[in-house]
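Chemist: Predicted model, plus sequence, below.
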Amino acid sequence: MRTFAAQHKNMQKIAPSELMINSDGSIFHLHLLPNELADTVILVGDPDRAYRVSEFFDSVEFKRQSREFVSATGLYKGCRMTVLSTGIGTDNIDIVLNELDALSNIDFDLRIPKSTHRSLRIVRVGTSGALQPDIPIGTHLLSAISVGFDGLLNWYAGRDQISLLDYEYAFVDHMKWSNQLPAPYFVPNSPSLIDLLLPISIPGITISAPGFYGPQGRVLRLPLLDPDLLNKIESFGHKGQRICNFEMEGSAIAGLSALLGHEAATICFIIANRHLHQSNTSYKPLMDRFIESVLNKLSEPQP
């Protein structure tokens, strides 16, 4: 059997054009060094929320900002955590997840994958709009399954192996899905994280949309390709489960994490109900209790 050192000689290095590393040794977009990343990673969309989460830490090693990517690593009740803002959308998640994995599983000096795999716990803490009339504003909604309207996962090999294809086929048939749209994908979130976060939330299926307006069925001045989009989504059911809410990042987090060997989940604070035409734009004071409840769960000793 060849030693790993011998295998190193035969491994093709990842080119500088593919793995971009800054002059200080940090990853290109996030500006993080490998040793600065904790095993538990909290993702938030809003850079201000990343700062807010870091204020809950008992101690902070550093805070950093590069574009919309604000990061901090610190201790919360003895658990080392990194909080990172992603901005809005699954296109940003493609950057974030690949660079988090590179920090964990690629040797930056040799430019090859490491011999041992490091698995991260990645939890998105966000806001969302409910789609069912019985889910009130203020609910903590845990994504048991994430649905991608964005098409991102379709660019990667192996997407069928980590997707729930029976859900996809049933959904496409129910929706009479247009071939003008990206093929939707259904990905389960991490069972261990679902078990951990379930006591502070309710579970459901969550759609990640590639936009806030048309892809989520909102009409201002532009008409929709499918005017009945929301009604069809609300009425979809499969294996006793229904679609509960819209957000904009969770599908790519779940899908890329599954492909890369990380544990991931999305938990959201409901700030609107589309069915009831209700919203609360003054939700930020309530987010503190939500954030703290998630941090408390993540800091619990792992079995």
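Modeler: Cool, the structure landed. Numbering: from 1, shown residues only.
Chemist: quick one: the strands in the stretch 51-200 of the chain?
Modeler: 59-66, 69-76, 79-85, 106-107, 112-113, 121-130, 140-148, 185-188 (DSSP state E, counting those that start in this stretch).
Chemist: With mean neighbour count and distance to residue 277 as new columns, can these be given to me in JSON lines?
Modeler: Every C-beta, even on glycine, is put in place using the N, C-alpha and C of the backbone. Listed next are those as JSON lines, based on neighbours: other Cβ atoms under 10 Å; distance: least, Cβ to Cβ, whole Å:
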{"stretch": "strand 59-66", "mean neighbour count": "14", "distance to residue 277": "37"}
{"stretch": "strand 69-76", "mean neighbour count": "21", "distance to residue 277": "33"}
{"stretch": "strand 79-85", "mean neighbour count": "23", "distance to residue 277": "30"}
{"stretch": "strand 106-107", "mean neighbour count": "18", "distance to residue 277": "48"}
{"stretch": "strand 112-113", "mean neighbour count": "16", "distance to residue 277": "50"}
{"stretch": "strand 121-130", "mean neighbour count": "25", "distance to residue 277": "11"}
{"stretch": "strand 140-148", "mean neighbour count": "25", "distance to residue 277": "18"}
{"stretch": "strand 185-188", "mean neighbour count": "24", "distance to residue 277": "27"}
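Chemist: can those strands go into TSV with extra columns for distance to residue 39 and mean pLDDT?
Modeler: Putting the strands of the stretch 51-200 of the chain into TSV (distance: least, Cβ to Cβ, whole Å; pLDDT from 0 to 100) gives the following:
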stretch	distance to residue 39	mean pLDDT
strand 59-66	14	96
strand 69-76	11	98
strand 79-85	7	98
strand 106-107	16	98
strand 112-113	18	96
strand 121-130	6	96
strand 140-148	21	98
strand 185-188	21	98
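Chemist: just checking, next helix/strand downstream of the worst-scoring helix or strand of the chain on mean pLDDT?
Modeler: Least confident helix or strand of the chain, by mean pLDDT, DSSP states H and E, is helix 4-10 with a mean of 46. Heading C-terminal from helix 4-10, the first helix or strand you meet, by DSSP states H and E, is strand 40-44.
Chemist: okay, the angle between that next one and strand 79-85?
Modeler: Put simply, strand 40-44 runs at 30 degrees to strand 79-85, going by axes from the mean of the first three to the mean of the last three Cα atoms, to 10 degrees.
Chemist: now strand 40-44, how far from the centre of its chain.
Modeler: Offset of strand 40-44 from its chain centre (Cα atoms, centre = their mean, to the nearest Å): 9 Å.
Chemist: Show residues contacting that strand.
Modeler: Strand 40-44 is contacted from outside by 50, 53, 79-86, 96, 100, 120-126, 249, 253, 294-295, 298, using Cβ atoms under 8 Å, 6 or more residues apart in numbering.
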